[in-house]
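[1] okay, here's the prediction I keep looking at, along with the sequence it came from:
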Amino acid sequence: MRGPARELTTERALPPGPGWPGAGRALERSFGFMKSSLYRWGVVVVAFLVALYVLTPTIIDWSDGKLDGAPGSTDGVASMFLETNEATGQVTWEGIQPLTLGLDLQGGLLLQYHVYVDRAVQDRLTRMASDLEERLAQEKEGIEVEANHPPGETYIDVTLGESADKDLFTEEFMGFFPSMLLTDTGSNTMRLEMDPNYIDETKDFAVTQAIETIRSRIDALGVAEPSITRQGMSDIVIQLPGIQEENIERAKELIGQTAQLRFQMVDDDGTNQYFGQFRGQLPAGFALRSIDGGYFSVTHQSKDALKEFFAGRAPDDRAIGYQFHPVYIDRENGVIDEQQSYWKTYLVYREAELTGDYIQDARVAVDQQFNRPYVSLNFDAKGAELFGNTTTEYTGQRFAIMMDDEVNSAPVINEPILGGRAQITLGSMQSYSEIQQEAQDLVIALRHGALPAPIERQFETIVGPTLGQDSIDSSMRALMVGSILVILFMLIYYRRSGFISTIALTLNLVLIMAGLAAIGATLTLPGIAGIILTVGMAVDANVIIYERIREELVVRKKPIRVAVKEGFDLAFSAVLDANITTGIAALVLLQYGTGPIRGFAITLLIGIVSTLFTAVYVTRILFDDWMAHSKKDTLSI
């Protein structure tokens, strides 16, 4: 039951000041209160103004159509205040970005990829074996080695020359690769086993580097506020909110492109013998053709069918490359006959003579003779030297320029190329604009680096803008209805004190939105759920405080001001404990949750801080100010 309101008298509410007569005591109380009140109100006003400043671009941006399905619009009012980033379409004001709606609110693309981290380990071992041979050959006379890394294994077998000193090799080796474990297997062979901890580090680094590479590619593509997070040990979840429908396929291709540019020699001597062994053994749809100057090649209309057939069949030190061979119906307009076009195979050496790591610059250029875009490559000093040495050593042989497992071209090296430049030609069956777009995407991938390991798309969801708008409408309706019901309850049950809670609650919502905008968070449906939960938590804090004040008034018969002061002081520990325990749960969700769960956790953490400020600090200021200026001797609570 509601307790009776207590009478408020000046003498009981404020103890007399020491040594002051009546008028002096009144002046002291007034001056002291004004000084304290101005300071405390100043804190509140500054917090509110900062929040409005941070939310200004959001208010203008959303009022110009973001909530109507036009994110990033700068028409109308926004055009006078906001600047638009031409690359991303993101609007800013004084360097502050508006609060971005998540994938579930404005639509977009959700992708999940698996990173083949074991491939990263194998590539690292292959490079280490090659580096070991090269460094010992260049730096240490008297040590001749042959390093062999069996595919799929995590060790390197090193065969020493007859004159090699095992002790000397062991001493020098430890300085080269401290992350490897050395074992003497007898005779003149040593085994270098990769340390298990180093394997884990390599896998972890592969996923981390893949995330950064994908982020760079997406930024270059011009998608505003992408979300790229790690899930588990080797999965990556990508959210591209607001991406235009015409860019979805381009984004998927750009993200999934490993972009491991490799220059590998074609095994001209072994090609016919290797592919010739499958004569008469090929399944239906496969064919053995003599192409490219009499070299054998297995062909099929499907690249996947070829990959499945040759899986595990290539020699240890060889690999299979695949190239699309179009057959035209109309070459001038780039129309091909899909029934007659096919994929063909190359037998290449597994170890690359040169990789994209040595590329200093990549750009789109146009072949003046054929008016076709191509990608021009410039190597750094080391790359130019390697490229020159390779083309000098292998003059007269075919040199495959490979992107991942696809052969872009396999020209014959007619003479040494010493300028440190190369070029990649693109699909001639496409239109000019399509080739231009493909060239630009390839340049983006090359400039921002190759993925450290292949990735495979496991999951894909496209959320349409209509569904996103429905989510916005539903969530905003839930937030408004919930807030109104809470406000009505507080006004009916606590009367004027409930009105104070309403003011604090409104400020709380403003501060939460400003906090999300300030840290560049993305507002999602779980985030809105966190805001709604915070509204209930904020009111719950006021309920605890108000009930404590009632107890001081009714049970302990204390004066109003004393009851208010002790009510706030004694209830604070309960409010703080409740928010701390909720904050711990939110931190756990933030640490171990994925995208939507993390969004909920971030909103909840910001809401906890805002609730402690508004439900305790702001409400206390409003109470004190109300009682100081009230002429009545009652407290409506």
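    That came through fine. Numbering: from 1, shown residues only.
[2] domain parsing of the chain, as residue ranges.
    Under automatic domain parsing, the residue ranges defining each domain of the chain are 99-106+465-629, 117-198, 259-450.
[3] for those, which one sits closest to Arg457?
    domain 259-450 (14.2 Å; Cβ to Cβ). Where you see a C-beta, it was placed from the backbone N, CA and C, and this is true even at glycine.
[4] mind listing residues that contact whichever helix or strand Phe387 is part of?
    Element membership for Phe387, per DSSP states H and E: helix 381-393. Here helix 381-393 makes contact (Cβ atoms under 8 Å, 6 or more residues apart in numbering) with 263, 265, 353-354, 357-360, 379, 399, 413, 415-420, 422.
[5] list the buried ones in stretch 216-232?
    For stretch 216-232, burial by neighbour count (16 or more other Cβ atoms under 10 Å) applies to 217-218, 220-228, 230.
[6] show the average pLDDT along that stretch.
    On average, the pLDDT along stretch 216-232 is 79.
[7] for it, how far is the first residue from the last?
    With Cα to Cα, to the nearest Å as the measure, the first residue of stretch 216-232 is 22 Å from its last.
[8] centre of the chain versus it, how much separation?
    In terms of Cα atoms, centre = their mean, to the nearest Å, the centre of stretch 216-232 is set 5 Å apart from its chain centre.
[9] same question, stretch 210-219
    Taking Cα atoms, centre = their mean, the mean C-alpha location of stretch 210-219 is offset from the chain mean by 8 Å.
[10] can you check stretch 289-301 too?
    43 Å.
[11] and if you look at stretch 110-123?
    Distance of stretch 110-123 from its chain centroid, counting by Cα atoms, centre = their mean, is 16 Å.
[12] need the distance between the two termini of it.
    29 Å.
[13] could we number from 37 for the rest of this?
    Understood, numbering begins at 37; the last thing we discussed is stretch 146-159.
[14] and the contacts of helix 417-429, which are buried?
    Using 16+ other Cβ under 10 Å as the burial test, the contacts of helix 417-429 include 299, 301, 389-390, 394-395, 415, 435, 449, 453, 456, 458 as buried.
[15] on that earlier part again, can you redo the buried residues of stretch 252-268 as a markdown table with secondary structure and distance to Asp159?
    Converted to a markdown table, those look like this (DSSP: H, G, I helix; E, B strand; the rest coil; distance: Cβ to Cβ, whole Å):
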| residue | secondary structure | distance to Asp159 |
| --- | --- | --- |
| Arg253 | helix | 20 |
| Ile254 | helix | 24 |
| Ala256 | helix | 24 |
| Leu257 | helix | 26 |
| Gly258 | coil | 31 |
| Val259 | coil | 29 |
| Ala260 | coil | 34 |
| Glu261 | coil | 33 |
| Pro262 | coil | 27 |
| Ser263 | strand | 28 |
| Ile264 | strand | 22 |
| Arg266 | strand | 20 |
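[16] can you name the two of the residues you listed that sit furthest apart?
    Gly258 and Arg266 (23.6 Å).
[17] contacts for the helix or strand where Ala287 lies, please.
    Using DSSP H and E, Ala287 falls within helix 284-292. Helix 284-292 has contacts (Cβ under 8 Å, 6+ apart) with 145, 147, 149, 250, 253-254, 257, 259, 274, 276, 279, 473, 477, 480-481, 491-493, 496, 498.
[18] apply 6 Å and report the result again.
    Residues outside helix 284-292 that contact it (Cβ atoms under 6 Å, 6 or more residues apart in numbering) are 145, 250, 253, 477.
[19] stretch 623-637 too?
    Stretch 623-637 is contacted by residues 263, 265, 267, 273, 560, 562-563, 566, 622 when judged by Cβ under 6 Å, 6+ apart.
[20] so which of the residues you listed are in helices?
    562-563, 566, 622 (DSSP state H).
[21] can you map out the strands along the stretch 287-436 of the chain?
    297-301, 323-327, 331-336, 354-361, 364-366, 371-372, 378-385, 390-391, 395-403, 408-415, 435-439 (DSSP state E, counting those that start in this stretch).
[22] phi, psi for Pro351 please.
    phi -60, psi 160 (degrees, to the nearest 10).
[23] thinking again about what came up before, now render the ones in helices among the contacts of stretch 623-637 as TSV, adding neighbour count, pLDDT and distance to Thr426.
    Below are the ones in helices among the contacts of stretch 623-637 laid out as TSV (neighbours: other Cβ atoms under 10 Å; pLDDT from 0 to 100; distance: Cβ to Cβ, whole Å):
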residue	neighbour count	pLDDT	distance to Thr426
Pro562	23	87	54
Gly563	29	86	54
Gly566	26	88	58
Ala622	23	91	56
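[24] show me the residue at the heart of this structure, geometrically.
    Closest to where the C-alpha atoms of the chain average out (Cα atoms, centre = their mean) is Ile264, at 2.1 Å.
[25] quick check: chain neighbours aside, which residue is closest to Arg155?
    Ala489 (4.5 Å; Cβ to Cβ, 6 or more residues apart in numbering).
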